[in-house]
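*Asks:* Sequence unavailable; structure follows:
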């Protein structure tokens, strides 16, 4: 354990391997050596390494297994990989969340799922590398300084409310309110920030939502987007605080607040800045806005504008694709969540109108596993698909949204795989990305 320049202790990382022929290999840096510093900068994790090892001229300090220190000077092309390989991608352990949020979805998972699903990530490095959202309650002063020094952008922040006292209450962390000061510090330093607000009825919506929007708007243009997402309620909330799902009226009120804010902000700044998740529109019984409304689609991962994006790209794909009158008959099926069913069914109808030999049956799958209040496709399990599709004529192929599977694309939340579905349902199963061109291509079998 070493002290860095700020006086904080950190654990230097051990090099597990060195890429053959790399600059590090040519300088005889060996597996088992400990990486201490690069150009005088302490190296504690992947962000330090990626930032400081990018230069063309490097002074690398390592420590041999014998305890002796080694200094090597490396010259390489700007941006060329130094060639050091570490045991984990982050070079140390992922940091878990210290909060006990009243709306936490992980706390609502049943027992018996794979262990990785219960890990609560709150790691700033993953925010930068993969777009994960962080609450800021895990950040040390060194890390705040590092973000500003390296100008790491964007940082994705789970704000939930800009009211410090309410944030402490919602997240059950006494530091949650104080951590909001970091948002302003990052904004003042010119760091780009995307934010999300997980809204709970009667808690942080209504007047509290208006306050949060106002406070975040004051940090524009550093704050580049605000996504408002409704709380997800599963049937596994035993022992947790009582939260009701949004009613139609409450969802409509939330949409009105965000749209009014967005309209006024756009008049002054040319952007809406804040957007409600598609689910709010569906719960409110409101039509999803056109694609232009969502501008750059900055919050697709939060379910903001997914419908519009898919609808618009599908329309373009359909207009650019030629039908073949003599094409052979093709009968397929599609499965999706109950919330997305109206859209997917309408797209299937449009495809069949153009391709006369194409026949598609779309089935909405109810979420029996988590409870029917959860209606998005991304939280459906293989078990629910099997139970509700078994015995149906699924044609020659079953299309499912790829969001049903983990990022590796191989298993559902209940550890079943697409291959398991194929064996049980006796049909080819094809995951399809949320892209209109990909969807149309899968429909017509190209």
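*Replies:* Looks like it arrived, so ask away. Only a predicted model underlies this, so the values are computations on that prediction, with no experimental measurement involved.
*Asks:* elements contacting the strand or helix carrying residue 423?
*Replies:* Using DSSP states H and E, the element containing residue 423 is helix 418-425. Applying 3 or more Cβ pairs under 8 Å, 6 or more residues apart in numbering; DSSP states H and E, one finds that helix 418-425 contacts helix 382-389, strand 397-401, strand 428-432. C-beta here means a position set from N, CA and C on the backbone, and glycine is covered the same way.
*Asks:* Pull out the buried positions in that helix.
*Replies:* By neighbour count with 16 or more other Cβ atoms under 10 Å, helix 418-425 contains the buried residues 418, 420-421, 424-425.
*Asks:* if we can go back for a sec, between the helices and strands packed on helix 418-425, which one is closest to residue 220.
*Replies:* Ranking the helices and strands packed on helix 418-425 by proximity to residue 220 (Cβ to Cβ) places strand 397-401 first, at 33.5 Å.
*Asks:* roughly how far is the lengthiest helix in the chain from the heart of the chain?
*Replies:* Longest helix in the chain by number of residues, with DSSP state H as the criterion: helix 248-269. Counting by Cα atoms, centre = their mean, to the nearest Å, helix 248-269 is centred 24 Å from the centre of its parent chain.
*Asks:* what does it contact?
*Replies:* Applying Cβ atoms under 8 Å, 6 or more residues apart in numbering, the contact partners of helix 248-269 are 199, 201, 205-206, 209-210, 213, 217, 220-221, 228, 230, 246, 271-276, 280-281, 283-286.
*Asks:* Just the buried ones out of these, please.
*Replies:* Buried among the contacts of helix 248-269 (16+ other Cβ under 10 Å): 199, 201, 205, 209, 213, 217, 220, 228, 230, 246, 271-276, 280-281, 283-284, 286.
*Asks:* List the ones among these that fall in strands.
*Replies:* Counting by DSSP state E, the buried ones among the contacts of helix 248-269 place 199, 228, 230, 274-276 in strands.
*Asks:* Phi, psi for residue 444 please.
*Replies:* phi -90, psi 0 (degrees, to the nearest 10).
*Asks:* Number of residues surrounding it?
*Replies:* 19 (other Cβ atoms under 10 Å).
*Asks:* Also residue 77?
*Replies:* Residue 77 has 8 nearby residues by other Cβ under 10 Å.
*Asks:* Which stretch among the helices and strands packed on helix 418-425 approaches residue 357 most closely?
*Replies:* strand 397-401 (14.6 Å).
*Asks:* helices or strands up against the closest one?
*Replies:* strand 330-337, helix 418-425, strand 428-432, helix 436-444.
*Asks:* Pull out the buried positions in the shortest one.
*Replies:* If you call a residue buried by 16+ other Cβ under 10 Å, then strand 428-432 has these buried ones: 429-432.
*Asks:* now, among the ones in strands among the buried ones among the contacts of helix 248-269, which is nearest to residue 396?
*Replies:* residue 230 (37.4 Å).
*Asks:* got the contact list for the closest one?
*Replies:* Counted by Cβ under 8 Å, 6+ apart, residue 230 has contacts 198-199, 245-246, 251, 254, 277, 279-280, 283.
*Asks:* how about a cut-off of 10 Å?
*Replies:* With contacts defined as Cβ atoms under 10 Å, 6 or more residues apart in numbering, the neighbours of residue 230 are 103, 198-201, 205, 245-246, 250-251, 254, 276-277, 279-280, 282-283, 303.
*Asks:* Which pLDDT does the model give the residue nearest to it when sequence neighbours are not counted?
*Replies:* Once flanking residues are discounted, residue 230 sits nearest to residue 246: 5.0 Å by Cβ to Cβ, 6 or more residues apart in numbering. For residue 246, the pLDDT comes out at 96.
*Asks:* for residue 151, same thing?
*Replies:* Residue 151 is given a pLDDT of 87.
*Asks:* these two touch, right, it and residue 190?
*Replies:* Yes - using Cβ atoms under 10 Å, residue 151 makes contact with residue 190 at a distance of 7.2 Å.
*Asks:* what bridges to residue 365?
*Replies:* Beta-bridge partners for residue 365, by DSSP bridges, are residue 337.
*Asks:* what's the neighbour count on it?
*Replies:* 22.
*Asks:* Same question for residue 445.
*Replies:* Residue 445: 14 neighbours (other Cβ under 10 Å).
*Asks:* shift numbering so it begins at 6
*Replies:* OK, 6 is where the count begins now, so the last one is residue 450.
*Asks:* ok, it touching residue 356?
*Replies:* No - with contacts counted by Cβ under 10 Å, residue 450 stays clear of residue 356, the gap being 11.3 Å.
*Asks:* Let me see the contact set for residue 336.
*Replies:* So residue 336 contacts 362-366, 398-402 (Cβ under 10 Å, 6+ apart).
*Asks:* filter the residues you listed to the buried ones?
*Replies:* Buried among those (16+ other Cβ under 10 Å): 363, 365-366, 399-400, 402.
*Asks:* who touches the residue nearest to residue 235 in this structure?
*Replies:* Counting by Cβ under 10 Å, 6+ apart, residue 251 touches 204-206, 210, 235-236, 238, 257-259, 284-285, 288-289, 378.
*Asks:* Could you rerun that using 6 Å?
*Replies:* 206, 235, 288 (Cβ atoms under 6 Å, 6 or more residues apart in numbering).
*Asks:* Next: residue 43.
*Replies:* Contacts of residue 43 (Cβ under 6 Å, 6+ apart): 57-58, 63, 65.
*Asks:* Neighbour count and pLDDT for these - can I get that in CSV?
*Replies:* Below are the contacts of residue 43 laid out as CSV (neighbours: other Cβ atoms under 10 Å; pLDDT from 0 to 100):
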residue, neighbour count, pLDDT
57, 19, 83
58, 24, 84
63, 19, 91
65, 24, 91
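*Asks:* which ones among these are found in strands?
*Replies:* Those of the contacts of residue 43 mapping onto strands are 63, 65, per DSSP E.
*Asks:* can you give me the helices in the chain?
*Replies:* Listed in chain order, the helices of the chain (DSSP H) span 28-31, 51-57, 129-135, 146-155, 169-176, 185-193, 211-222, 253-274, 283-289, 311-325, 346-359, 387-394, 423-430, 441-449.
*Asks:* and the last one, what does it pack onto?
*Replies:* Going back to what we said before, that points to helix 441-449. Judged by 3 or more Cβ pairs under 6 Å, 6 or more residues apart in numbering; DSSP states H and E, helix 441-449 is in contact with helix 311-325, strand 433-437.
*Asks:* Which positions within it qualify as buried?
*Replies:* Result for helix 441-449 [16+ other Cβ under 10 Å]: buried residues 441, 443-445, 447-449.
*Asks:* What is the neighbour count of the nearest residue to residue 178 once chain neighbours are set aside?
*Replies:* Distance criterion Cβ to Cβ, 6+ apart; nearest residue to residue 178, sequence neighbours excluded, is residue 104 at 4.6 Å. Residue 104 has 22 neighbours, counted by other Cβ under 10 Å.
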